[in-house]
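# pasted the sequence and its predicted model underneath.
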Amino acid sequence: MAREPAGVRVEGVDLSYGATRVLRDVNLEIRPGEFFAFLGPSGCGKTTLLRLIAGFATAQRGRILVGGQDLSPLPPWKRDVGMVFQSYALWPHMTVRKNVAFGLEERRVPRAEIGPRVEAALRLVGLDGLGDRRPSQLSGGQQQRVALARTVAVRPKVLLLDEPLSNLDARLRVQVRRELRDLQQGLRLTTIFVTHDQEEANTVCDRIAVMSEGAVQQVGTPMELYDHPANLFVAGFLGTANIVPGIVLRDGGAAAFEITGGTRIPLPAGLEVSEGARLMFRPQDVTLLPAGAEPGNRRVIAGEITHREFLGASIRYGIRVAGAEVLVDAPHTGGEHHLPVGGLAALALDSSRVKLLSA
Ligand SMILES: Nc1ncnc2c1ncn2[C@@H]1O[C@H](COP(=O)(O)OP(=O)(O)OP(=O)(O)O)[C@@H](O)[C@H]1O
């Protein structure tokens, strides 16, 4: 139903509202047919960037290109960019069929073409048979699909989705995000998905731009971002990150990280180490030893177990280390085997799994 997929290029975009800088020198390259996410906390500017691509906001500097064409001179309705709003924005007094037809009528698509295109769009999102209902007679997930059908029916080159799953309950969200991914793959439609939910971005998107305070922090596949975060913000936003305070020590060519209170972790040679760097590791990246156990050649930090949560496949311990609390996951192997809260434990750190990151 879509045309040849087009790439999207964001070039040097700065956008302010009055004295508030909302986007700071944003540069992105979204590939044709890619499912791409803007991920970041509330207020980081991701919706503004989406609205800019759609033509509902204006930048002070920079430009947006779709398929190599500069969109700046074009109003929203001439952009070949379809946006699905968080609220769905369906007309309550119109049937599903009318809602989907509306955008085609507005674009003066010939009458004879509208009917078949509406039916095809409804079929595509699995709503054939429900065309005569009104939005109030549909579930949240079905309403979302109407909003999608309405956008897809106009055959945009780029599909923009603003937190499309946020109005759905948790169970439906998981089902609909899978459907969304399948639909996007079937259409090969370049799609940009705005979300503050890392799990959502990880499960549906090919690549993610992590944003904070109007700036892109890092772009990569979900696994790249998780395994090789560029800084502490990205590490903490994708997955659980333990950040341990301490200082970087240099002894000739060798560098080490000294955790507040004592233990030194040698750092690989040649690693670029900035002064304010912190040690980061994931809950599953360390081994938990009972106090007094033999650590082998690993570095050990001791701490007090402050809490314990059973997660099914693993047990998550909260452990107080150098004044900070770190989370450690130990595999659950069956039975009532766990360490007592209030007791001491030792974290065995493998220096190849820990990372040194800057703010
Ligand atoms: N029209 C506007 N006038 C003034 N400030 C605005 C306007 N629109 C957005 N902002 C501000 O710009 C910043 C970014 O807003 P934006 O909606 O893009 O963030 P977001 O990352 O999408 O957040 P959320 O997840 O909460 O929607 C916020 O500080 C917001 O208050």
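Nice, I can see it. Numbering: from 1, shown residues only.
# and the protein, which residues reach the ligand?
Contact residues (C-beta under 6 Å from any ligand atom) of the chain with the ligand: 17, 20, 22, 40, 42, 43, 44, 45, 46, 47, 48, 196. Where C-beta positions appear, they are placed from N, C-alpha and C, glycine not excepted.
# inside strands: which ones of these?
17, 20, 22 (DSSP state E).
# most surrounded residue in those?
residue 22 (21 neighbours; other C-beta atoms under 10 Å).
# so it sits against residue 13, correct?
No. Between residue 22 and residue 13 there is no contact under C-beta atoms under 8 Å: 10.0 Å.
# now do the contacts for residue 109.
With contact taken as C-beta atoms under 8 Å, 6 or more residues apart in numbering, residue 109 is in contact with residue 117.
# check which helix or strand it maps to.
Using DSSP states H and E, residue 109 falls within no helix or strand.
# just the pLDDT at it, thanks.
For residue 109, the pLDDT comes out at 86.
# and the one 3 residues further on, by the same measure?
Taken from the predicted model, the pLDDT recorded for residue 112 is 89.
# do the same with residue 295
Looking at residue 295, the pLDDT reads 64.
# export stretch 243-251 as CSV, just CAs?
Coordinates of the C-alpha atoms in stretch 243-251 are reproduced here as CSV (Å, rounded to 0.1, in the frame of the first residue of the first chain):
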residue,chain,number,x,y,z
ILE,A,243,26.7,3.3,39.3
VAL,A,244,29.4,3.1,41.9
PRO,A,245,31.1,6.2,43.3
GLY,A,246,34.9,6.4,43.4
ILE,A,247,37.9,8.0,41.7
VAL,A,248,40.1,7.2,38.7
LEU,A,249,43.7,6.6,39.7
ARG,A,250,46.7,6.7,37.4
ASP,A,251,50.0,5.0,38.1
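# the stretch 151-300 of the chain: helices as residue ranges?
170-187, 198-204, 222-227, 232-237 (DSSP state H, counting those that start in this stretch).
# so who does the residue of the stretch 251-359 of the chain found nearest the ligand touch?
The stretch 251-359 of the chain approaches the ligand most closely through residue 359 (20.0 Å), counting by C-beta to the nearest ligand atom. Neighbour list for residue 359: 231, 232, 233, 276, 278 [criterion: C-beta under 8 Å, 6+ apart].
# could those residues go into CSV alongside neighbour count and pLDDT?
Output for the contacts of residue 359, formatted as CSV (neighbours: other C-beta atoms under 10 Å; pLDDT from 0 to 100):
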residue, neighbour count, pLDDT
231, 17, 92
232, 19, 91
233, 22, 93
276, 10, 73
278, 21, 84
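# farthest pair within those residues?
Farthest-apart pair in these is 233 and 276; separation 13.3 Å (C-beta to C-beta).
# could you report the pLDDT at the nearest residue to residue 48 once chain neighbours are set aside?
Spatial nearest neighbour of residue 48, chain neighbours left out: residue 22 (5.0 Å); criterion: C-beta to C-beta, 6 or more residues apart in numbering. Residue 22 is assigned 96 on the pLDDT scale.
# what's in contact with the helix or strand hosting residue 117?
In the assignment (DSSP H and E), residue 117 maps to helix 111-124. Defining contact as C-beta under 8 Å, 6+ apart, one finds that helix 111-124 is touched by 1, 96-97, 100-101, 104-105, 109, 128, 130-131, 149-150, 152-153, 183, 186-187.
# nothing else from me, thank you.
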